[in-house]
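Undergrad: The sequence isn't on hand, but the structure is:
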């Protein structure tokens, strides 16, 4: 087994060195002091680690090359790992393979790693007897022919190993945050959650997918009930208060406490964001969101169940279907100005119900639902106030449709304690 030298250097290198550079006198002296036999010879620094399979595979070859060119070459294995780690590896290698590293090697090194930074192994730095960096290569260039040629003509050009610049990373910090290991722009999927964030306005935003990323949904300082509503409503169904059943021992974490709203928000609202990868659908997004909220809040059992509820049920007044779409491009437009109404072109009736429930009639006495049983696409032009059921029915009359107050089976969001 070769001897170990723990690297120690009194002066931090000013910069990294590249091919063609001549090492400063202090660096050349340092290498010579660690491995005296290297003076006046071609030096190959063999940066390795015990976990690097190609590095381990190169050990017999490096030792054979050292013996073949002993008078003109010194190969120095260099690792950042400690002496204890390397000795454990050496003993295991000896038991399993019958050999170990016999060359003088530098352990616990930071000096040569700073002089020649790299991000992948194996990594070889070829240095002339005069201290000039002749080559920086991978293992493919390290062979007898290259060494013979280089010893005869020091200008031999070997294929350079080019590593990407090292990116700072700390394992005690989350990946990406504060530039740790990557930049936020590189994210193509993420799921994150926090508690209440002071100074951040409450809200929800949704972005459809594009050619590089899938859909994304973001929640800022919202209640757990709101997270459930979106996860199970999937941006198509907005649950009226009559379509939510909360039957838990303690409803405080789920329902707003008006008497002390600010204190309640700090303890019981959350920020949550889910970015899906390219190609994912909205259905994929909300399926993943349901899994997330189940993991984050395991105390609750949430599901959709059919219940009879009194609703404003969109109903057919005749067997006619004057609303049946004539085809063409799909288009939908809702106008918040009084009397402007809505236009649906080759769209489903569910879009009308969703917009009324989620926006224009969100404070309605009763929930809105579709009781027409019509599955096709529609063309509707409604010139009316979307906040008035009476005005809506006036506009719908030309299509033999109306919102009628009646009891119908609807989907209800049920939130219970986990058994």
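TA: Perfect, I can see it now. Keep in mind that this is a model prediction, so the values were computed, not measured.
Undergrad: For residue 102, the count of nearby residues, please.
TA: Taking other C-beta atoms under 10 Å as the neighbour definition, residue 102 ends up with a count of 16. In short, each C-beta sits where N, CA and C put it, glycine included.
Undergrad: Quick check: it is in a helix.
TA: No. Secondary structure assignment places residue 102 outside any helix; it is coil (DSSP: H, G, I helix; E, B strand; the rest coil).
Undergrad: Could you double-check that it lies in contact with residue 63?
TA: Yes. Proximity of residue 102 to residue 63 meets the contact threshold set by C-beta atoms under 8 Å, at 5.7 Å.
Undergrad: in the chain, what spans have low per-residue confidence?
TA: Across the chain, residues meeting the criterion (pLDDT under 70) sit at 1-14, 336-339.
Undergrad: per-domain residue ranges of it.
TA: By the assignment in automatic domain parsing, the chain contains the domains 4-152, 170-298, 300-419.
Undergrad: Endpoints of the last one, how far apart?
TA: Start to finish, the residues bounding domain 300-419 are 8 Å apart (C-alpha to C-alpha, to the nearest Å).
Undergrad: Could you check how far it is from the centre of its chain?
TA: On the basis of C-alpha atoms, centre = their mean, to the nearest Å, domain 300-419 is displaced by 37 Å from the centre of the chain it belongs to.
Undergrad: now do the longest one
TA: Distance of domain 4-152 from its chain centroid, counting by C-alpha atoms, centre = their mean, is 37 Å.
Undergrad: What strand or helix carries residue 271?
TA: Counting by DSSP states H and E, the element that carries residue 271 is strand 269-275.
Undergrad: was I right about residue 281 contacting residue 215?
TA: Yes. With contact defined as C-beta under 8 Å, residue 281 and residue 215 form a contacting pair (7.5 Å).
Undergrad: Find residues that contact each of the two.
TA: Overlap between the contact sets of residue 281 and residue 215, as judged by C-beta atoms under 8 Å, 6 or more residues apart in numbering, is given by residue 209.
Undergrad: And what about the residue of the chain positioned farthest from its centre, helix, strand or coil?
TA: Computed with C-alpha atoms, centre = their mean, the maximum C-alpha offset from the centroid of the chain is found at residue 71, amounting to 53.2 Å. The three-state label for residue 71, taken from three-state DSSP, comes out as coil.
Undergrad: contacting residues for it?
TA: Shown in contact with residue 71 (C-beta under 8 Å, 6+ apart): no residues.
Undergrad: And for the one 10 residues further on?
TA: For residue 81, the contacting residues are 49, 50, 89, 107, 108, taking C-beta under 8 Å, 6+ apart as the criterion.
Undergrad: Could you check how far it is from residue 49?
TA: The spacing between residue 81 and residue 49, counted by C-beta to C-beta, to the nearest Å, is 6 Å.
Undergrad: list residues touching both of the two?
TA: Joint contacts of residue 81 and residue 49 (C-beta under 8 Å, 6+ apart) do not exist.
Undergrad: So which elements touch the strand holding residue 271?
TA: Using 3 or more C-beta pairs under 8 Å, 6 or more residues apart in numbering; DSSP states H and E as the contact criterion, the elements in contact with strand 269-275 are strand 190-194, strand 216-223, helix 224-233, helix 282-296.
Undergrad: Please convert those to CSV, extending it with distance to residue 404.
TA: Formatted as CSV, the helices and strands packed on strand 269-275 follow (distance: least, C-beta to C-beta, whole Å):
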stretch, distance to residue 404
strand 190-194, 42
strand 216-223, 32
helix 224-233, 23
helix 282-296, 31
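Undergrad: closest one to residue 140 among those?
TA: Comparing the helices and strands packed on strand 269-275 against residue 140 with C-beta to C-beta, the closest turns out to be strand 190-194 (37.2 Å).
Undergrad: which residues are in contact with that closest one?
TA: Outside of strand 190-194, the residues within contact range by C-beta under 8 Å, 6+ apart are 176, 270, 271, 272, 273, 274, 275, 288, 292, 296.
Undergrad: 10 Å instead?
TA: Surrounding strand 190-194, the residues in contact under the criterion C-beta atoms under 10 Å, 6 or more residues apart in numbering are 174-177, 184, 200, 216, 218-221, 227, 270-277, 288-289, 291-293, 295-297.
Undergrad: Quick check: next helix or strand after it?
TA: For strand 190-194, the following helix or strand on the C-terminal side (DSSP H and E) is strand 203-207.
Undergrad: mind listing the helices for the stretch 51-200 of the chain?
TA: In the stretch 51-200 of the chain, the segments counted as helices under DSSP state H, counting those that start in this stretch are 53-68, 83-97, 111-115, 144-152.
Undergrad: do the same with the stretch 301-419 of the chain
TA: Going by DSSP H, counting those that start in this stretch, the stretch 301-419 of the chain shows helices at 349-355, 389-396.
Undergrad: Select, out of the ones you listed, the one closest to residue 365.
TA: helix 389-396 (9.2 Å).
Undergrad: which helices and strands does the closest one pack with?
TA: Secondary-structure packing of helix 389-396 (3 or more C-beta pairs under 10 Å, 6 or more residues apart in numbering; DSSP states H and E): strand 300-316, strand 378-382, strand 401-417.
Undergrad: Try it again at 8 Å.
TA: strand 378-382, strand 401-417.
Undergrad: For the first one, name the packing helices and strands.
TA: Contacting strand 378-382 under the criterion 3+ C-beta pairs under 8 Å, 6+ apart are the following elements: strand 342-347, helix 389-396.
Undergrad: what about 10 Å?
TA: Secondary elements touching strand 378-382 (3+ C-beta pairs under 10 Å, 6+ apart): strand 331-334, strand 342-347, helix 349-355, helix 389-396, strand 401-417.
Undergrad: Columns distance to residue 93 and mean neighbour count on top of those, output as TSV?
TA: Output for these, formatted as TSV (distance: least, C-beta to C-beta, whole Å; neighbours: other C-beta atoms under 10 Å):
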stretch	distance to residue 93	mean neighbour count
strand 331-334	68	14
strand 342-347	69	19
helix 349-355	66	18
helix 389-396	80	18
strand 401-417	57	17
